[in-house]
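>>> The sequence isn't on hand, but the structure is:
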């Protein structure tokens with residue numbers, strides 16, 4: 001059961017990051033919008049989670065950094 005939950009969260013991460021990128025690429029959203037940064041933060045966090053779970057460190061590190069960039073951007077948008 002735990003494995004299925006982690007897998008589902010990982011797939012959410014993939015969908016969220018790709019959705020953010022597609023929306024930005026087709027000018028449907030701007031890069032300094034809350035939604036774009038939220039999708040990047042949650043998506044990268046979930047990909048990092050599944051990567052750590054599977055002991056795959058390269059995508060884990062990449063996505064932790066990606067999530068940190070997004071969280072800083074979100075903080076700047078909020079404050």
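Here it is on my side, so go on. Predicted model only: the values in this text are computed from it and were never measured.
>>> Next, count neighbours for residue 54.
Residue crowding around residue 54 was assessed by other CB atoms under 10 Å; the count is 13. In this view, the C-beta of every residue, glycine as well, is placed from N, C-alpha and C.
>>> and it, backbone torsions?
Main-chain torsions, residue 54, degrees, to the nearest 10: phi -90, psi 10.
>>> Kindly list the longest helix within this protein.
Ranked by number of residues, the top helix in the chain under DSSP state H is helix 2-25.
>>> which parts of that helix are buried?
When burial is assessed from 16 or more other CB atoms under 10 Å, helix 2-25 yields the following buried residues: 6, 9, 10, 12, 13, 16, 17, 19, 20, 23, 24.
>>> chain center to the following helix or strand past it: distance?
Using DSSP states H and E, the helix or strand that follows helix 2-25 in sequence is helix 34-53. Relative to its parent chain, helix 34-53 has a centroid offset of 2 Å by CA atoms, centre = their mean, to the nearest Å.
>>> which helices and strands sit right next to helix 34-53?
Helices and strands touching helix 34-53, as assessed by 3 or more CB pairs under 8 Å, 6 or more residues apart in numbering; DSSP states H and E, comprise helix 2-25, helix 57-78.
>>> Give the full set of residues in contact with residue 40.
Listed by CB atoms under 8 Å, 6 or more residues apart in numbering, the contact set of residue 40 reads 16, 17, 20, 66, 67, 69, 70, 73.
>>> any idea how far it is from residue 4?
As defined by CB to CB, to the nearest Å, residue 40 lies at a distance of 25 Å from residue 4.
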